[in-house]
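Asker: Let me see the structure of the following:
(one chain, ligands or ions: 1)
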Amino acid sequence: MTAAARPPAACLIGWPAAHSRSPLIHRYWLRTLGIEGGYVLEAVPPDEFKDFVLRLSLRGFVGANVTIPHKEQALALSKPDARAKAVGAANTLWFADGELCSTNTDVEGFINNLDASAPGWDKAEEALVLGAGGAARAVVFGLIERGIKTVHLANRTIERAQALATQFGASVKPAGWDKVSELLPRAGLLVNTTSLGMHGQPPLEIDIARLPDNAVVADLVYVPLQTELLAAAQKRGLKTADGLGMLLHQAVRGFELWFGRRPQVTAELRSLVEADLKHA
Ligand code: NAP
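Answerer: Numbers count the residues shown, from 1 in each chain. Prediction:
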């Protein structure tokens, strides 16, 4: 079969790549939308990444997801959009007029999951984001893009929070971890972007009772699916958005760019990935 006659295929490039749920998600959409196409894992070591990406099309791929440790290199080797530039990392590659383009879909994954799980969340005037790593950059960019006026950014290493504030401007207020408790009563939206609360990591110790009554709580951690933070927030009757929802929503754009149809995040897809995570 010639390359043009072959069904379109995308891949996930990582090192390692084996733990990813992306094949499960994209193959579900290919199957349910009746699209003839493929999605495969490509374990590529860092010193071979450049060559792999520059020959992506020759290898028969219409695009790719990129994960650890290649996201910064992917940005440098492609034409990034504003989101990828702001986050400083690209996780999705596609071709437009023959040119390799990139974006960071964690931004819309986070925002679209909030829209789906807690409509009206953006009435919050002030948000409190915990953590200042890679995921926090996507979250902060998304919140500012959506018009949240003040984003308090609390991190154990305050210098990292200060660096993000310098990059994103005056609406981002850096804070040390010791300020979390006093910021909670102002937070219409609380977002955990740290790895605290994740399986095998220390717990996230937060006094949920200090949040306003109408606060929304989002956690990026999805192992376990129901974190202690989310359980405590739900117990208090607060709306929540979980990490698995973000993971599913961030996959939508890549699929649409590669295969030309916008897929839905369905309850069936969620159950499929939940079951897979439980067996991990
Ligand atoms: P990262 O760049 O390594 O950042 C980790 C963050 O956690 C830093 O702010 C770090 O603080 C903080 N942290 C780690 N241990 C801590 C501790 N003991 N006490 C206080 N703070 C601590 O990681 P990342 O890429 O941003 O990812 C963070 C989390 O988000 C991970 O759990 C990841 O799985 C999750 N995530 C989920 C999605 C999704 O789709 N649901 C997408 C992306 C990421 P310091 O700066 O002080 O080290």
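Asker: Enumerate the residues of the stretch 1-150 of the chain near the ligand.
Answerer: When proximity is defined as Cβ under 6 Å from any ligand atom, the stretch 1-150 of the chain approaches the ligand at 106, 109, 131-136. The C-beta positions use only the backbone N, C-alpha and C, and glycine is treated the same way.
Asker: Give the buried subset of those as a PyMOL selection command.
Answerer: Remark: buried members of those, expressed as a PyMOL selection using 16 or more other Cβ atoms under 10 Å:
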select buried, resi 106+109+131+132+134+135+136
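Asker: Can you flag which of the residues of the stretch 1-150 of the chain next to the ligand belong to helices?
Answerer: 106, 109, 134-136 (DSSP state H).
Asker: which residues touch the host helix or strand of residue 113?
Answerer: If you go by DSSP states H and E, residue 113 is part of helix 106-117. With contact meaning Cβ atoms under 8 Å, 6 or more residues apart in numbering, helix 106-117 is reached by 83, 87, 91, 121-122, 135, 138-139, 141-142, 145-146, 216, 218, 220, 239-242, 245-253, 265.
Asker: how about 7 Å then?
Answerer: Identification of contacts with helix 106-117 by Cβ atoms under 7 Å, 6 or more residues apart in numbering yields 83, 87, 91, 121, 135, 138-139, 141-142, 146, 218, 240-241, 245-247, 249-250, 253.
Asker: just stretch 21-33 next, same as before
Answerer: 10, 12, 37, 39, 41, 65, 247-248, 251, 255, 261, 263, 269, 272-273, 276.
Asker: which of those residues count as buried?
Answerer: Looks like those have 10, 12, 37, 39, 41, 65, 247-248, 251, 255, 263, 269, 272-273 buried, using 16+ other Cβ under 10 Å.
Asker: Skipping its backbone neighbours, what lies nearest residue 9 in space?
Answerer: Leaving aside its sequence neighbours, residue 9 sits nearest to residue 38 (Cβ to Cβ, 6 or more residues apart in numbering; 3.7 Å).
Asker: How about the contacts made by the residue in the chain that the ligand sits nearest to?
Answerer: Closest residue of the chain to the ligand, Cβ to the nearest ligand atom: residue 133 (2.1 Å). Counting by Cβ under 7 Å, 6+ apart, residue 133 makes contact with residue 193.
Asker: Show the backbone phi and psi for it.
Answerer: phi -90, psi -160 (degrees, to the nearest 10).
Asker: what separates it from residue 124, distance-wise?
Answerer: Using Cβ to Cβ, to the nearest Å, one obtains 22 Å as the distance from residue 133 to residue 124.
Asker: What score does residue 227 have for pLDDT?
Answerer: Predicted confidence (pLDDT) for residue 227: 96.
Asker: Correction: the previous question concerned residue 236.
Answerer: Per the predicted model, pLDDT is 97 at residue 236.
Asker: Could you check what's spatially nearest to it, not counting adjacent residues?
Answerer: residue 208 (5.5 Å).
Asker: my read: that neighbour touches residue 230, true?
Answerer: No: the pair residue 208 and residue 230 does not pass the contact test of Cβ atoms under 7 Å, sitting 9.9 Å apart.
Asker: Cheers, nothing more for now.
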